[in-house]
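Peer 1: would you be able to build a 3D model of this:
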Amino acid sequence: MENSSLLEMRGICKYFLGVRALEQVDFTLREGEIHALMGENGAGKSTLIKVLTGVYAKDGGEIKLSGKHVSIRSPQDAQNSGISTVYQEITLCPNLTVAENMFIGRTKGQLTNWKQINARAEELLESLGIPALPQQQLGSCSIAVQQMVAIARAVDMECKVLILDEPTSSLDEQEVEKLFKLMLSLKEKGVGIIFVTHFLEQVYEVCDRITVLRDGQLVGEYIIEDLPRVKLVSKMLGKDLDDMADIKGEADADKVDYDSTPVYEAKDLAGTTGIKPFDFQIHKGEVNGFTGLLGSGRSECVRAIYGADKVTGGTVKMDGKQIRINKPLDAMKHGIFYLAEDRKRDGIVGDLSVRENIILALQVLKGFFRPISRSQAEAFADEYIKLLNIKTASSDTPIKSLSGGNQQKVILARWLLANPIYLILDEPTRGIDIGTKIEIQKLVLKLASEGKSVTFISSEIDEMLRTCSRLIVMRDGKVVGELSGDDLTQNKIMATIAGGES
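Peer 2: Below is the predicted model of the structure:
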């Protein structure tokens with residue numbers, strides 16, 4: 001017997017300044033199911049979630065919960081209706097205890113009985129299998145446990161609909177497994193879960209049905225068994241997907257002259273972040289990468305190269321000449337640019353426009369006493385918006401209002417405008433849709449074919465194999481191997497990660 005409908009959204013419409021964000025979108029969630037909401041960045045997923053949670057007022061359509069019409073005008077209305085959201089960025093307070101975070105906003109000030117609160121928190125944590133203590137400071141917990149605490153808070157507030165917005169993007173495999181176990185436990189209790197993610201493997205591992213959006217419209221709703229991965233990707237993109245492995249044809253690793261003087265070379269480079277001294281080099285037109293498990297030190301290595309973290313030892317050369325890089329500006333002056341792993345914290349300047357974000361690096365290099373003119377800035381912005389197919393209403397649009405994938409493209413435009421010699425990209429495709437991922441991978445290989453040097457880091461080994469001709473393998477803060485040619489296979493990478501130099 002099919003589960004009854006818990007949530008029904010019918011004919012949902014939303015417009016921003018006359019631009020369609022959602023057009024007649026339907027969505028149905030049943031009791032005790034995990035339902036994936038899929039689509040490219042800008043497809044309308046976030047807008048639909050914000051309409052459901054009262055962040056945006058809908059311009060048309062209706063919402064029913066358990067068969068009854070509901071009016072959701074604010075996040076509080078959504079909460080009162082039993083709809084809770086756990087976002088990719090943790091919105092709890094790391095300086096408070098686990099119990100305080102679970103019951104924040106529901107205590108009685110000085111009259112609060114903390115003994116009862118802690119006991120209730122302990123009971124809830126145990127029932128959901130969450131490895132945390134009530135009086136433990138939340139900030140001391142892993143990101144995965146912090147997300148589980150946010151879910152526990154939602155469960156205790158008797159949520160019927162739980163929205164998980166990219167909850168696994170910063171988790172390792174073991175943490176994802178724990179989160180899925182919790183999700184399946186809630187599913188058994190009858191909670192309906194809306195799972196927003198870009199990881200296809202995870203969708204097929206844990207979800208019952210999939211709803212696909214594209215360009216603000218409903219493509220379709222599918223039972224998971226009826227929609228193979230290739231068809232899902234095709235529906236998200238609106239076209240048949242070429243074999244992704246073919247993109248490597250855009251650059252030829254055989255054209256890299258490994259006997260030439262490296263563009264960048266480091267010997268015994270070490271920093272304050274716990275990585276062991278390492279050697280590294282990259283040649284003109286080469287795409288290489290650091291790979292390893294989460295926490296292996298791959299990001300710390302490139303941050304040392306760029307001067308983003310303090311360097312404590314080693315020597316650095318550019319084109320055979322010794323240089324010093326103590327801070328990012330030193331690297332930039334030598335033509336080295338770095339797209340950081342956390343684009344919100346280290347990449348975008350949210351309140352500035354798309355245009356201002358694009359010209360930022362070039363303006364820093366020119367100096368603020370030599371300002372780029374408005375007309376020149378607009379010309380630069382328009383060129384890169386077109387070149388990278390950045391979806392924005394105009395170059396004056398605040399970057400914070402763009403989708404994640406388009407924000408990433410703006411940061412790429414910033415570095416490309418500054419004419420890099422050597423570009424470091426740390427997780428450039430994390431949390432963005434498949435179509436944009438392919439665009440970025442193709443762009444990386446195009447840059448290499450034009451003679452640029454690129455270091456590429458991704459948690460997805462398949463992506464590394466599609467883009468890189470040489471991989472430096474990391475484990476526990478140490479370089480444990482280097483792979484190229486016929487050794488550049490998933491099995492060899494995993495064996496090297498697991499067994500060190502092999």
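
Peer 1: for stretch 258-273, buried residues please.
Peer 2: Neighbour counts over stretch 258-273 (16 or more other Cβ atoms under 10 Å) mark 262, 263, 264, 265, 266, 269, 270, 271, 273 as buried. Yep, even glycine has a C-beta here, placed from its N, CA and C like the rest.

Peer 1: what about those, which are in strands?
Peer 2: Those of the buried residues of stretch 258-273 mapping onto strands are 264, 265, 266, 269, 270, 271, per DSSP state E.

Peer 1: correct me, but the fourth one touches residue 311?
Peer 2: The one in question is residue 269. Yes - the pair residue 269 and residue 311 qualifies as a contact (Cβ atoms under 8 Å) at a distance of 6.7 Å.

Peer 1: overlap in contacts, the two.
Peer 2: Here residue 269 and residue 311 have residue 304 as joint contacts, going by Cβ atoms under 8 Å, 6 or more residues apart in numbering.

Peer 1: count of neighbours near residue 73?
Peer 2: Applying other Cβ atoms under 10 Å, we find 10 residues neighbouring residue 73.

Peer 1: what sits against it?
Peer 2: Here residue 73 is in contact with 54, 57 (Cβ under 8 Å, 6+ apart).

Peer 1: show me the chain divided up by domain.
Peer 2: 5-237, 244-335+421-499, 351-419 (automatic domain parsing).

Peer 1: pull out the buried residues from stretch 232-241.
Peer 2: 232, 233, 234, 235, 236, 237, 241.

Peer 1: doesn't the first one lie inside a strand?
Peer 2: No - following the definition DSSP: H, G, I helix; E, B strand; the rest coil, residue 232 is helix and is not counted among the residues of a strand.

Peer 1: contacting residues around it?
Peer 2: Neighbours of residue 232 in contact, by Cβ under 8 Å, 6+ apart: 38, 200, 203, 210, 212, 222.

Peer 1: so how far is residue 226 from it?
Peer 2: 10 Å (Cβ to Cβ, to the nearest Å).

Peer 1: now swap in the fifth one and tell me
Peer 2: To residue 226, residue 236 is 16 Å away according to Cβ to Cβ.

Peer 1: ok, the second one next?
Peer 2: In this structure, residue 233 and residue 226 are separated by 15 Å, where distance is defined by Cβ to Cβ.

Peer 1: about what we covered before: mind putting the buried residues of stretch 258-273 in a markdown table, pLDDT included?
Peer 2: Putting these into a markdown table (pLDDT from 0 to 100) gives the following:
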| residue | pLDDT |
| --- | --- |
| 262 | 94 |
| 263 | 95 |
| 264 | 96 |
| 265 | 96 |
| 266 | 96 |
| 269 | 94 |
| 270 | 90 |
| 271 | 84 |
| 273 | 82 |
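
Peer 1: where do the helices sit along the stretch 151-300 of the chain?
Peer 2: 173-188, 200-206, 229-237, 298-306 (DSSP state H, counting those that start in this stretch).

Peer 1: packing partners of the first one?
Peer 2: If contacts are counted by 3 or more Cβ pairs under 8 Å, 6 or more residues apart in numbering; DSSP states H and E, helix 173-188 sits against strand 34-38, helix 143-156, strand 192-196, helix 200-206.

Peer 1: of these, which is nearest residue 359?
Peer 2: strand 192-196 (32.5 Å; Cβ to Cβ).

Peer 1: could you check the angle that closest one makes with strand 34-38?
Peer 2: Strand 192-196 and strand 34-38 are oriented at 30 degrees to each other (axes from the mean of the first three to the mean of the last three Cα atoms, to 10 degrees).

Peer 1: and strand 192-196, what does it pack onto?
Peer 2: Using 3+ Cβ pairs under 8 Å, 6+ apart, strand 192-196 sits against strand 19-30, strand 34-38, helix 45-52, strand 161-165, helix 173-188, helix 200-206.

Peer 1: for residue 398, give its distance to residue 415.
Peer 2: 20 Å.

Peer 1: who has more neighbours out of those two?
Peer 2: Using other Cβ under 10 Å, the more surrounded residue of residue 398 and residue 415 is residue 415, with 21 against 16.

Peer 1: check which helix or strand the more buried one maps to.
Peer 2: Counting by DSSP states H and E, the element that carries residue 415 is helix 404-417.

Peer 1: now for that helix, which elements pack on it?
Peer 2: Right, helix 404-417 is packed against strand 336-339, helix 343-346, helix 354-366, helix 374-387, helix 434-449 by 3+ Cβ pairs under 8 Å, 6+ apart.

Peer 1: in a markdown table, list these along with mean pLDDT, mean neighbour count and distance to residue 71.
Peer 2: Shown next, in a markdown table, are the helices and strands packed on helix 404-417 (pLDDT from 0 to 100; neighbours: other Cβ atoms under 10 Å; distance: least, Cβ to Cβ, whole Å):
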| stretch | mean pLDDT | mean neighbour count | distance to residue 71 |
| --- | --- | --- | --- |
| strand 336-339 | 92 | 24 | 43 |
| helix 343-346 | 71 | 14 | 32 |
| helix 354-366 | 90 | 21 | 35 |
| helix 374-387 | 90 | 15 | 39 |
| helix 434-449 | 84 | 21 | 35 |
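
Peer 1: which one of those lies closest to residue 62?
Peer 2: Per Cβ to Cβ, nearest to residue 62 of those: helix 434-449, 31.1 Å.
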